[in-house]
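this one's sequence-less:
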């Protein structure tokens with residue numbers, strides 16, 4: 001019964017450990033592999049840009065094409081950029097244009113990039129002047145590549161120093177380029193979702209969160225391990241004590257069996273000794289032969305001449321003739 005109980009305990013501990021390990025593995029996998037593999041991770045904790053470093057305007061976007069955003073979708077785009085502004089303190093401005101064809105005329109990639117940077121810088125200054133708390137985001141299509149869309153960012157000086165570092169800009173570009181669905185039912189909503197996703201991502205140190213979750217998981221596993229080890233040790237101690245009790249019981253049983261055997265042997269010997277005292281060495285009254293042993297109260301036959309000899313209980317010998 002004891003060994004069966006120990007087996008059940010081990011089985012329960014093993015089952016619990018397996019479930020906990022499986023759950024931990026799923027959580028760890030989710031934390032480290034399911035956090036949008038396409039998205040640049042935020043590795044620092046950013047703080048909101050002070051309000052006095054950004055003069056908020058009522059203009060949020062400008063569409064020079066009329067092709068990339070459906071009519072009536074502006075409210076969705078503005079709601080996403082307002083969320084971005086509240087989270088970061090940096091006010092975004094979306095410029096929908098066809099600058100790509102203008103930039104693409106440069107055969108040299110370096111010259112094309114420089115031209116694009118100058119275009120974005122000039123547009124920023126036209127919109128905000130010396131105010132460095134904004135970020136200009138340009139969305140452009142191409143007449144040469146009808147299914148291609150291009151994003152570019154230009155943060156102001158204050159925005160770049162306080163919030164929109166290179167990593168934050170890349171996060172914003174990742175979110176807008178990946179989430180934006182120009183051929184979807186509501187492309188404006190996808191842009192809104194891109195701004196929301198970018199704001200939530202860049203304003204949180206994801207590495208800290210991931211490692212914090214990992215630490216918690218390791219702590220839980222360590223706690224479960226300690227409980228399991230403690231339970232196993234307790235089971236081992238109980239099993240050792242039980243085995244000791246079994247050995248002691250077996251030893252006592254053997255000692256009792258030996259004692260009973262000795263007692264039986266003593267009683268047998270006593271009986272045999274008592275029985276021996278009942279026999280008498282009787283010389284034959286007829287032939288004088290010795291060596292006859294006859295028990296008291298019985299009749300014996302002389303082993304030499306066959307004469308019957310009776311011995312009374314009192315040890316008196318009587319000679320019986322062969323005729324008797």
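Sure, I can see it. None of these values were measured; they are calculated from a predicted model.

all helices of the stretch 51-200 of the chain, in order?
In the stretch 51-200 of the chain, the helices defined using DSSP state H, counting those that start in this stretch lie at 74-88, 99-103, 109-128, 157-162, 166-179, 187-202.

worst average pLDDT in these?
Among the helices of the stretch 51-200 of the chain, helix 99-103 has the lowest mean pLDDT, at a mean of 64.

hmm, back to that, JSON lines for the helices of the stretch 51-200 of the chain, including distance to residue 270 and mean neighbour count?
Quick note: C-beta positions are derived from backbone N, CA and C, even for glycine. Below are the helices of the stretch 51-200 of the chain laid out as JSON lines (distance: least, Cβ to Cβ, whole Å; neighbours: other Cβ atoms under 10 Å):
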{"stretch": "helix 74-88", "distance to residue 270": "105", "mean neighbour count": "19"}
{"stretch": "helix 99-103", "distance to residue 270": "122", "mean neighbour count": "18"}
{"stretch": "helix 109-128", "distance to residue 270": "120", "mean neighbour count": "14"}
{"stretch": "helix 157-162", "distance to residue 270": "111", "mean neighbour count": "19"}
{"stretch": "helix 166-179", "distance to residue 270": "104", "mean neighbour count": "20"}
{"stretch": "helix 187-202", "distance to residue 270": "100", "mean neighbour count": "22"}
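
those: which one's closest to residue 294?
Checking the helices of the stretch 51-200 of the chain against residue 294 by Cβ to Cβ gives helix 187-202 as the closest, at 119.2 Å.

immediately after the closest one, which helix or strand?
Heading C-terminal from helix 187-202, the first helix or strand you meet, by DSSP states H and E, is helix 206-277.

phi, psi of residue 307?
phi -70, psi 140 (degrees, to the nearest 10).

quick check: it touching residue 283?
No. Applying Cβ atoms under 8 Å as the test, residue 307 and residue 283 come out as separate, 11.0 Å apart.

wait, what's in contact with residue 59?
Contacts for residue 59 were tallied using Cβ atoms under 8 Å, 6 or more residues apart in numbering; they are 93, 127.

now residue 164: closest residue in space, sequence neighbours ignored.
Distance criterion Cβ to Cβ, 6 or more residues apart in numbering; nearest residue to residue 164, sequence neighbours excluded, is residue 155 at 3.8 Å.

and for residue 64?
Closest residue in space to residue 64, ignoring its immediate chain neighbours: residue 97 at 4.6 Å, by Cβ to Cβ, 6+ apart.

about what we covered before: what's the burial count for the residue nearest to residue 164?
Neighbours of residue 155 under the rule other Cβ atoms under 10 Å: 26.

beta partners of it?
Assessed by DSSP bridges, residue 155 has beta-bridge partners residue 135.

ok, back up a step: report pLDDT for the residue nearest to residue 64.
On the pLDDT scale, residue 97 is placed at 86.

and it, how far from residue 141?
According to Cβ to Cβ, to the nearest Å, residue 97 and residue 141 sit 9 Å apart.

hey, what's in contact with both of these two?
residue 65.

is it true that residue 95 touches residue 134?
No. The pair residue 95 and residue 134 does not pass the contact test of Cβ under 8 Å, sitting 11.4 Å apart.

just tell me which of the helices of the stretch 51-200 of the chain ends up closest to residue 149.
Closest to residue 149 of the helices of the stretch 51-200 of the chain, according to Cβ to Cβ: helix 166-179, at 7.7 Å.

now do the closest one: distance to the chain's middle.
Relative to its chain's centre, helix 166-179 lies at 34 Å (Cα atoms, centre = their mean, to the nearest Å).

now do that helix: which elements does it pack against?
strand 134-141, strand 149-155, helix 187-202 (3 or more Cβ pairs under 8 Å, 6 or more residues apart in numbering; DSSP states H and E).

any idea how far the residue lying closest to residue 177 once chain neighbours are set aside lies from residue 178?
Spatial nearest neighbour of residue 177, chain neighbours left out: residue 151 (5.1 Å); criterion: Cβ to Cβ, 6+ apart. Noted for residue 151: a distance of 10 Å to residue 178, by Cβ to Cβ.

hang on, residue 70 packs against residue 187?
Yes. Judged on Cβ under 8 Å, residue 70 makes contact with residue 187 at a distance of 6.2 Å.

distance of residue 286 from residue 261?
46 Å.

and residue 284, what does it touch?
290, 292, 302, 304, 305, 307, 309.

repeat that with 6 Å
Residues in contact with residue 284 (Cβ atoms under 6 Å, 6 or more residues apart in numbering) are 302, 307.

okay, the helices and strands packed on helix 166-179 in CSV with distance to residue 227 next?
Output for the helices and strands packed on helix 166-179, formatted as CSV (distance: least, Cβ to Cβ, whole Å):
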stretch, distance to residue 227
strand 134-141, 52
strand 149-155, 52
helix 187-202, 37
